[in-house]
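Asker: fold the following for me, if possible:
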Amino acid sequence: MRGKAWKFGDNVDTDLIIAARYLNTSEPSELAKHVMEDADPEFVNKMEPGDIIVAGENFGCGSSREHAPIALKAAGVAAVIAPTFARIFYRNAFNMGLPIFELPEADEIVEGDVVRIDMESGEVIDETTGKRYKFVPIPEFMQELVDAGGLIEYAKKELAKKKEA
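Answerer: As a prediction, this is how the structure comes out:
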């Protein structure tokens, strides 16, 4: 994964990621139009698919709505990097197939920097500054969920394997 970093602060809650006024739909493409709108009204017009959100502590706090990671993924956000994530958001992100990375030094990355995430080495590389950071390893099962595209796709593949056996 490689993209431009977009910075957001501490305690970005799920209502800031996708405001409740848009939750009359679960359609990912509709949610994507409004992602991060209350934090930065022009975010979806400025970002490009593959870009990466870099945030502060406790990203995704608030409600347990799955709409937040769905909206981020549908908007083209490749990943979210933060020192910590709210527990429910953490699980929902993986269930929806949105990769997230815990990086204590996330605050060192500046908006606009080009960031690359190297899964092989377990590093976040700030290509703009040349700095390299080790991220907290993702549990193997959570990585399988992301690789499959989320929990539903993972379950479909597992069921297909059982039918073949």
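Asker: quick check on the closest residue to Phe59 other than its chain neighbours: phi, psi?
Answerer: Closest residue to Phe59 apart from its sequence neighbours, by C-beta to C-beta, 6 or more residues apart in numbering: Ala82 at 4.1 Å. Heads up, the C-betas are built off the backbone N, CA and C, glycines and all. Per-residue torsions, Ala82: phi -160, psi 160 (degrees, to the nearest 10).
Asker: any idea how far Ala82 is from Glu164?
Answerer: 39 Å (C-beta to C-beta, to the nearest Å).
Asker: go on, Leu151?
Answerer: To Glu164, Leu151 is 21 Å away according to C-beta to C-beta.
Asker: those two - which one has more neighbours?
Answerer: Higher neighbour count among Leu151 and Glu164: Leu151, with 15 against 6, using other C-beta atoms under 10 Å.
Asker: ok, now which ones touch that one?
Answerer: With contact taken as C-beta atoms under 8 Å, 6 or more residues apart in numbering, Leu151 is in contact with 94-97, 145.
Asker: run the last query once more with 7 Å
Answerer: Taking C-beta atoms under 7 Å, 6 or more residues apart in numbering as the criterion, Leu151 is in contact with 95, 145.
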